[in-house]
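Engineer: Give the three-dimensional model of this entry:
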Amino acid sequence: MKRRVDILLAVAGLFLLSPVFILIALIIKLDDGGPIIFKQYRLGKYKRPFLINKFRTMQDGKITRAGQWLRTSGLDELPQIVNILKGDMSVVGPRPLTHDDIQRIGWDKRYYIARWHIKPGITGLAQLYAGRSVHHSWLYDKTYLKNQSFLLDSKIIILTLFMNILGKRRVRTWLYKRNNVSVNWTRWAILFAARRVRPMPQTLEDSSHYPWSAALARSLAIFQLGESGGGTVIDQANSSPLHGISPAYCKSVEWFVDEEHRHADILACCVKSLGGQCIKHNWTAKLFVFGRRLMGLRLKVLVLLAAEVVGICYYKLLAMRLPEGQVRDLLDELAKDEEAHLKFHSDFLRLYTQGTLPGIFFRLIWRIVTYAAAIMVSIDHRHALKQMDIPLKLVWQRWMFLVRETENQITTQKPNYQFLQQVNIDYQLYTIK
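Structural biologist: Okay, the predicted model is just below:
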């Protein structure tokens, strides 16, 4: 089917663009009098070499005046229509490279062999988002290999036409910054790096003599199990072609997961102090892990964000109802960490929720996920809440306030997170003196 579409588009392109071909040929000739067509060997499907056709844009190693315009608009690629008719190329596919190119960037290794299982294209995801890095180019190629379809090809072709009309720079600027939101991930990497040196608590005081110790120990053991995972999000961040992701973000995610593991160790200490034992299995933890493994990066971060909201709400309520001591101080520390995690994940999701339709879609999924999480927390931790004299109605009120305010911060371009200060003030009302 794809070959038939390629032939149809190539024939239509030759017929409709023949005046453009003639005009460009005249411009090149009048500009410097040199050859019109540039030919070079490139590697096609299964690394078979073929001669690619392009309008010549250079003379004696320098870009010509006509060549500058042709490259900016992408019209220098038009003669590759002939390569499509010959079967060397497709309309959409990975960028055709020379043998020297693949050796220089290291794509001659077996790891990249899947890239050569389809024909190269005049345009493609990597061509649309060109100019970022070799790593991103490979991720775009891999994404196309995994998701290639008629619909995706149609989107790429339409964007390419816009590039030919409006220019590459203008369209790429829109692709990179279409939501007018950017995040300084280096700042987050520095923050997480600074917090990595915090010491772990040593032996905690015995807190097993309280009436609620057993119920609280069981509750914290469930949270401890949930804080122990998260490794798959690191792999997805490192391999994601999403715009807005940088090496600094990937490193921040890695250190975020390390911080979550630190939380698991702290909670294990609290469970032991309360006279309980850590658990290896729990139905909500299994459901949480199973769901995250099926999700893409954006949905996975959304679920992680819902978990941060749960942590802030629950840890703060528990800390405010506990007597002064080490366990209370540690839960308060965890809640403060979760506030930073909430901001971190919100910054990521804000990149993809600007605009009417993305905003509506986010709000719908966010409400579904957060309501489901609230129900699971209410079921799993009802005994601890009852023993600690924390009304379920209060939990829902605090929970829904956090959910709504977090949602509003994500769908705005300039968040302020002042609601977290109000949260801390409100929780003081339930502190045991």
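Engineer: Run through the residues that contact residue 26.
Structural biologist: Residue 26 makes contact with no residue under the criterion C-beta atoms under 8 Å, 6 or more residues apart in numbering. All C-beta atoms are positioned from the backbone trio N, CA, C, and that covers glycine.
Engineer: Which helix or which strand is home to it?
Structural biologist: helix 2-32 (DSSP states H and E).
Engineer: what's downstream of that helix, the next helix or strand?
Structural biologist: strand 37-43.
Engineer: would you put the C-alpha positions of stretch 195-204 in PDB?
Structural biologist: C-alpha atoms of stretch 195-204 as PDB (Å, rounded to 0.1, in the frame of the first residue of the first chain):
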ATOM      1  CA  ARG A 195      19.700  16.800  48.100                       C
ATOM      2  CA  ARG A 196      21.500  13.600  47.400                       C
ATOM      3  CA  VAL A 197      24.000  14.300  50.300                       C
ATOM      4  CA  ARG A 198      21.400  14.300  53.000                       C
ATOM      5  CA  PRO A 199      22.100  11.700  55.700                       C
ATOM      6  CA  MET A 200      19.800   8.900  56.400                       C
ATOM      7  CA  PRO A 201      18.200   8.700  59.900                       C
ATOM      8  CA  GLN A 202      20.000   6.300  62.300                       C
ATOM      9  CA  THR A 203      18.200   4.300  65.000                       C
ATOM     10  CA  LEU A 204      14.700   5.700  65.700                       C
END
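Engineer: Give me the residues contacting that stretch.
Structural biologist: 255, 258-259, 262, 265-266, 269-270, 272-273, 326-327, 330, 337.
Engineer: Quick one: distance of it to the chain centre.
Structural biologist: 31 Å (C-alpha atoms, centre = their mean, to the nearest Å).
Engineer: could you pull out the helices for the stretch 1-150 of the chain?
Structural biologist: 2-32, 65-73, 80-86, 99-105, 125-128, 134-147, 150-166 (DSSP state H, counting those that start in this stretch).
Engineer: Pass me the low-pLDDT residue ranges in the stretch 201-350 of the chain, would you?
Structural biologist: 229-231, 285-294 (pLDDT under 70).
Engineer: can you rerun that using 90?
Structural biologist: Filtered on pLDDT under 90, the stretch 201-350 of the chain yields the residue ranges 201-210, 212, 223, 225-247, 278-300, 316-325.
Engineer: for the stretch 51-200 of the chain, same thing?
Structural biologist: 59-62, 65-77, 105-106, 108-115, 125-152, 155, 158-184, 197, 199-200.
Engineer: ok, back up a step: next, the buried residues of the helix holding residue 26.
Structural biologist: 2, 5, 6, 9, 10, 13, 17, 21, 24, 27, 28 (16 or more other C-beta atoms under 10 Å).
Engineer: In terms of pLDDT, where does the last one sit?
Structural biologist: Think residue 28. Each residue has a pLDDT score; the one for residue 28 is 90.
Engineer: can I assume it is in contact with residue 66?
Structural biologist: Yes - taking contacts as C-beta atoms under 8 Å, residue 28 lies within contact range of residue 66: 5.3 Å.
Engineer: quick one on the thing from earlier: now the helices of the stretch 1-150 of the chain in a markdown table, with distance to residue 222?
Structural biologist: Converted to a markdown table, the helices of the stretch 1-150 of the chain look like this (distance: least, C-beta to C-beta, whole Å):
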| stretch | distance to residue 222 |
| --- | --- |
| helix 2-32 | 50 |
| helix 65-73 | 58 |
| helix 80-86 | 58 |
| helix 99-105 | 47 |
| helix 125-128 | 42 |
| helix 134-147 | 36 |
| helix 150-166 | 42 |
